[in-house]
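S.K.: I need the structure of the sequence given here:
(2 chains)
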Amino acid sequence: GAGVSQTPSNKVTEKGKYVELRCDPISGHTALYWYRQSLGQGPEFLIYFQGTGAADDSGLPNDRFFAVRPEGSVSTLKIQRTERGDSAVYLCASSQDRDGGYTFGSGTRLTVV
Amino acid sequence: AQKITQTQPGMFVQEKEAVTLDCTYDTSDPSYGLFWYKQPSSGEMIFLIYQGSYDQQNATEGRYSLNFQKARKSANLVISASQLGDSAMYFCAMREYASGYSTLTFGKGTMLLVSP
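M.R.: Numbering: from 1, shown residues only, chains lettered A, B, ... in the order given. Model prediction:
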């Protein structure tokens, strides 16, 4: 597609539930990044994929968070046993290669009630 | 220590005036890049301008210019002739290349409000 697509744009879930957030990068972009942006803060790095593999997952806050990119294109960020503190905007970005410029999606606003 | 510091939570400017948004950074990596992004209320991050650590000249992109002072580790964004549509959050970010990571580290942002 022309840009990075993230779905859903908004997600409200109850505490303790499981959620999946999807990112569809620009076609041909090998690098994909997930960031989390809490209210009033800048985006914080979560995980970076180069192709199908997670090259750097040092930003994942705990083992409730997991992400996959099985075919090197679409990625899914999965959050188990959601907590109210997980409420944030989750941003996805892709780039042509490791050092290329980022293109961001519009984000998924997750609200845990 | 924070890698990117933006000390201005909010800035006000009148339409057609110039405004400078401050950014200082901290790195020991000799090869790095500095970025500015705009985030309107719609939420997407829009790339504005890039400065590489080895670039000899300050970057410019239309009404945006980057005042890069390497010795002071500052990379201020200058917006000339502000427009109402410039009202948004602005984030400074850094990428450190020698570490092998390609991730961006962001500051906390500055909210810019442009008044008529």
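S.K.: Neighbouring strands of the helix or strand containing B:I49 in the sheet, and parallel or not?
M.R.: In the assignment (DSSP states H and E), B:I49 maps to strand B:46-52. If you go by DSSP bridges, strand B:46-52 pairs up with strand B:32-39 (antiparallel).
S.K.: could you list every residue that touches residue 35?
M.R.: This is for chain A. A:Y35 makes contact with A:43-46, A:90-93, according to Cβ atoms under 8 Å, 6 or more residues apart in numbering or on different chains. Any C-beta I mention is one placed from the backbone N, CA and C, and that applies to glycine too.
S.K.: That was the other one, I meant chain B.
M.R.: Counting by Cβ under 8 Å, 6+ apart, B:F35 touches B:47-50, B:92-95, B:104.
S.K.: Look up the pLDDT of it for me, please.
M.R.: In this model, B:F35 is scored at 94, pLDDT.
S.K.: for the residue of chain B found nearest chain A, which residues make a bridge with it?
M.R.: Nearest residue of chain B to chain A, counting by Cβ to the nearest Cβ: B:F106, 3.4 Å away. Beta-bridge partners for B:F106, by DSSP bridges, are B:A93.
S.K.: my guess is it meets B:A93, correct?
M.R.: Yes - here B:F106 reaches B:A93: they are 4.6 Å apart, a contact under Cβ atoms under 8 Å.
S.K.: For those two, list the residues in contact with both.
M.R.: Residues touching both B:F106 and B:A93 (Cβ under 8 Å, 6+ apart): A:42, B:4, B:37.
S.K.: Assign the first one to helix, strand or coil.
M.R.: Applying DSSP: H, G, I helix; E, B strand; the rest coil to A:G42 yields a three-state assignment of coil.
S.K.: doesn't B:G107 make contact with it?
M.R.: Yes - here A:G42 reaches B:G107: they are 5.4 Å apart, a contact under Cβ under 8 Å.
S.K.: so what sits against both of these two?
M.R.: B:4, B:91, B:93.
S.K.: gap between the last one and B:V19?
M.R.: For B:A93, the distance to B:V19 equals 19 Å [Cβ to Cβ, to the nearest Å].
S.K.: Now flag whichever of the contacts of B:F35 is closest to B:V78.
M.R.: Among the contacts of B:F35, B:I49 lies closest to B:V78 (Cβ to Cβ), at 9.8 Å.
S.K.: For chain A, which helix or strand comes out least confident on mean pLDDT?
M.R.: strand A:53-56 (a mean of 88; mean pLDDT, DSSP states H and E).
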